[in-house]
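K.L.:
Coordinates only, no sequence provided:
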């Protein structure tokens, strides 16, 4: 691993790709892996720094392939991106092999009812397929509700990860 500009840490995968990430909060706390939307980056993790420190979690935001300082992957499908996220998480010392339809723990999902980038029905359909989903509907909320709800989101994640 090496430190780089913009508070990025860079790791190299077995196939030679570089992944940039920003880590905030407690480096010894349980891992919360933040999956930013496009066209954002690892820098979004900085918006959660205070909440991550307050609740004692290791909050990591990755640059997706081809964004920020992470290497691009040409012709990568959404399914391949999800597999890559698991591999990227494993690089950060978290064994994360699971089938989401068998998760018995609560999976908290937040969705703004006025999100124009990811329609309410899309995430609700995904949430309904996971047996442990706890739905947090934010009336009038748009696409960036995670920032306004950061303290609540990180507090719940910290509580769940310590069980």
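P.N.:
Happy to help now that I have it. These numbers were taken from a predicted model, which means no experiment stands behind them.
K.L.:
where exactly do the helices run in the protein?
P.N.:
Along the chain, counting by DSSP state H, helices occupy 49-55, 78-91, 120-129, 145-148, 150-161.
K.L.:
Which parts of the protein are strands?
P.N.:
Secondary structure of the chain (DSSP state E): strands located at 2-3, 9-12, 18-25, 31-34, 58-62, 107-112, 133-138.
K.L.:
Minimum distance to residue 10: which of the helices of the chain has it?
P.N.:
helix 78-91 (10.9 Å; CB to CB). The C-beta positions use only the backbone N, C-alpha and C, and glycine is treated the same way.
K.L.:
thinking again about what came up before, mean neighbour count, the strands of the chain: which tops it?
P.N.:
Comparing those by mean neighbour count (mean count of other CB atoms under 10 Å), strand 58-62 ranks first with a mean of 24.
K.L.:
That strand pairs with which strands?
P.N.:
Each strand paired with strand 58-62, and its direction, by DSSP bridges: strand 18-25 (antiparallel), strand 31-34 (parallel).
K.L.:
Residues contacting it, please?
P.N.:
Identification of contacts with strand 58-62 by CB atoms under 8 Å, 6 or more residues apart in numbering yields 19-36, 41-46, 48-49, 51-52, 70, 85, 88, 92, 154.
K.L.:
quick one, domains of this protein?
P.N.:
As assigned by automatic domain parsing, the chain contains the domains 1-97, 99-163.
K.L.:
sorry, back to before: and the helices of the chain as JSON lines, adding mean neighbour count, distance to residue 136 and mean pLDDT?
P.N.:
Supplementary listing: the helices of the chain in JSON lines, determined by neighbours: other CB atoms under 10 Å; distance: least, CB to CB, whole Å; pLDDT from 0 to 100:
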{"stretch": "helix 49-55", "mean neighbour count": "19", "distance to residue 136": "15", "mean pLDDT": "96"}
{"stretch": "helix 78-91", "mean neighbour count": "14", "distance to residue 136": "22", "mean pLDDT": "64"}
{"stretch": "helix 120-129", "mean neighbour count": "13", "distance to residue 136": "10", "mean pLDDT": "82"}
{"stretch": "helix 145-148", "mean neighbour count": "16", "distance to residue 136": "9", "mean pLDDT": "87"}
{"stretch": "helix 150-161", "mean neighbour count": "17", "distance to residue 136": "8", "mean pLDDT": "94"}
